[in-house]
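S.K.: sequence and predicted structure below; questions after.
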Amino acid sequence: MNKNNSVVVTIVVIIIVAIGLYFAFRKPAVDTVPDDTINTPIVKTPVPVTTTKTYTDPSNTFSFSYPDELTVKAGDATKPWRTNTTVAGKQLASVTIPSSSQPNTNFSEAILSIGSSNNSLAVKNCSTAQNGESAKGEVMINGLKTAKITLSDAGAGNFYDTTSYRFVHNSQCYSVEYTIHSTNIANYTAGTKTEFNPQTAVVVLEKMVQSFSFAPSATIQTSFEGTWTGPEGTSLAIIKTGTAYTLSFVMLDGPIKVSGVESTNGITFTRKGKSLTLVHSSGIDTGMKYLVDKKNCVAVKITTALATEGYCKD
């Protein structure tokens with residue numbers, strides 16, 4: 001073998017040895033996956049989805065959405081129409097988030113409540129924070145300009161935090177609010193309860209609040225003129241001349257005609273010695289069970305009392 005051939009053979013041998021060493025010591029790519037996961041399928045954790053329902057009140061005046069697992073209760077006459085007031089009104093609907101939504105914590109419950117009042121004091125002070133409340137500015141809810149008002153209260157180891165959205169609609173003050181009730185964590189034996197997460201409840205409650213809206217058909221006419229029909233053959237015919245009104249009532253004890261004038265809240269007039277106000281209303285707020293399913297109505301009320309007389313056009 002000549003010298004040139006020896007060099008070629010040497011180079012070939014070196015290349016073969018280098019290739020062999022590379023494959024001998026290279027870490028296989030499959031080794032980057034643990035043996036027990038090579039044949040394990042990838043399972044994605046499902047994201048929980050909360051389905052909702054829509055509640056519409058019996059008079060078809062308003063609606064809102066709420067989680068499917070919760071229950072809406074119709075208005076309770078024994079409950080106040082909103083927190084922190086002694087002024088008369090009506091609770092229209094409520095939803096309760098139970099303590100089981102945050103088990104083994106100091107969470108008691110959270111209640112969303114919707115109510116209204118056509119009391120003149122309630123309407124006048126509808127957007128004003130009073131009696132220890134705090135004003136938090138204006139918040140729009142589906143085109144409604146509301147006043148956000150909060151209140152914190154405590155007693156006997158219980159805490160109550162209320163967030164209220166209030167606004168005037170059709171001569172009534174409405175309140176869409178929620179109260180979160182919790183207890184003092186220090187009152188429990190150490191290790192038996194953990195502090196609840198307020199935000200968990202707030203997210204659910206705010207979604208319900210932000211879904212609140214009035215039904216399109218619940219928009220009441222701004223004009224008082226025309227003939228309005230009441231129960232049991234009663235009626236009211238209204239004629240406007242300038243800023244003055246002629247109100248012709250057909251009541252159970254006979255007809256009566258009076259004069260009225262425009263006011264901030266409606267039409268003021270005197271009938272049988274009593275100062276009264278005629279306001280736009282929904283059927284449920286006339287105070288008459290025969291008109292509860294009506295939407296376009298007017299109600300007669302004494303300045304500081306709820307309506308007990310009404311007439312409707314639908």
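M.R.: It's in.

S.K.: residue contacts, the most centrally placed residue in the chain?
M.R.: The chain has Val209 as the residue nearest its centroid, 2.2 Å off, counting by Cα atoms, centre = their mean. With contact set as Cβ atoms under 8 Å, 6 or more residues apart in numbering, Val209 has these partners: 64, 112, 141, 165, 176, 178. Any C-beta I mention is one placed from the backbone N, CA and C, and that applies to glycine too.

S.K.: quick one: the helices in this structure, in order.
M.R.: 3-25, 120-124, 198-210 (DSSP state H).

S.K.: worst average pLDDT in these?
M.R.: Among the helices of the chain, helix 3-25 carries the lowest mean pLDDT, at a mean of 59.

S.K.: from Ser113, how far off is the residue nearest to the centre of the chain?
M.R.: Note on Val209: its distance to Ser113, by Cβ to Cβ, to the nearest Å, is 11 Å.

S.K.: just give the closest residue to Cys126, not the sequence neighbours.
M.R.: Spatially, and ignoring its direct neighbours in sequence, Cys126 is nearest to Cys173 (3.7 Å; Cβ to Cβ, 6 or more residues apart in numbering).

S.K.: isn't the one you found right up against Ser164?
M.R.: No - between Cys173 and Ser164 there is no contact under Cβ atoms under 8 Å: 11.0 Å.

S.K.: and these two? Which one has more around it.
M.R.: Between Cys173 and Ser164, counted using other Cβ atoms under 10 Å, the more crowded position is Cys173 (26 against 23).

S.K.: as PDB, could you dump the C-alpha coordinates of stretch 184-203?
M.R.: Written as PDB, here are the backbone C-alpha positions of stretch 184-203 (Å, rounded to 0.1, in the frame of the first residue of the first chain):
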ATOM      1  CA  ASN A 184     -67.400  37.700  61.400                       C
ATOM      2  CA  ILE A 185     -64.700  35.100  60.700                       C
ATOM      3  CA  ALA A 186     -63.300  35.600  64.200                       C
ATOM      4  CA  ASN A 187     -66.500  34.200  65.700                       C
ATOM      5  CA  TYR A 188     -65.700  30.700  64.500                       C
ATOM      6  CA  THR A 189     -63.300  28.100  65.900                       C
ATOM      7  CA  ALA A 190     -59.900  28.400  64.200                       C
ATOM      8  CA  GLY A 191     -59.700  26.200  61.100                       C
ATOM      9  CA  THR A 192     -63.400  25.600  60.700                       C
ATOM     10  CA  LYS A 193     -64.200  28.400  58.300                       C
ATOM     11  CA  THR A 194     -62.200  30.400  55.700                       C
ATOM     12  CA  GLU A 195     -62.700  34.000  54.600                       C
ATOM     13  CA  PHE A 196     -65.200  34.100  51.700                       C
ATOM     14  CA  ASN A 197     -64.400  35.800  48.400                       C
ATOM     15  CA  PRO A 198     -66.700  38.800  47.900                       C
ATOM     16  CA  GLN A 199     -65.800  39.200  44.200                       C
ATOM     17  CA  THR A 200     -67.200  35.700  43.500                       C
ATOM     18  CA  ALA A 201     -70.600  36.900  44.500                       C
ATOM     19  CA  VAL A 202     -70.200  40.400  43.000                       C
ATOM     20  CA  VAL A 203     -69.500  39.100  39.500                       C
END
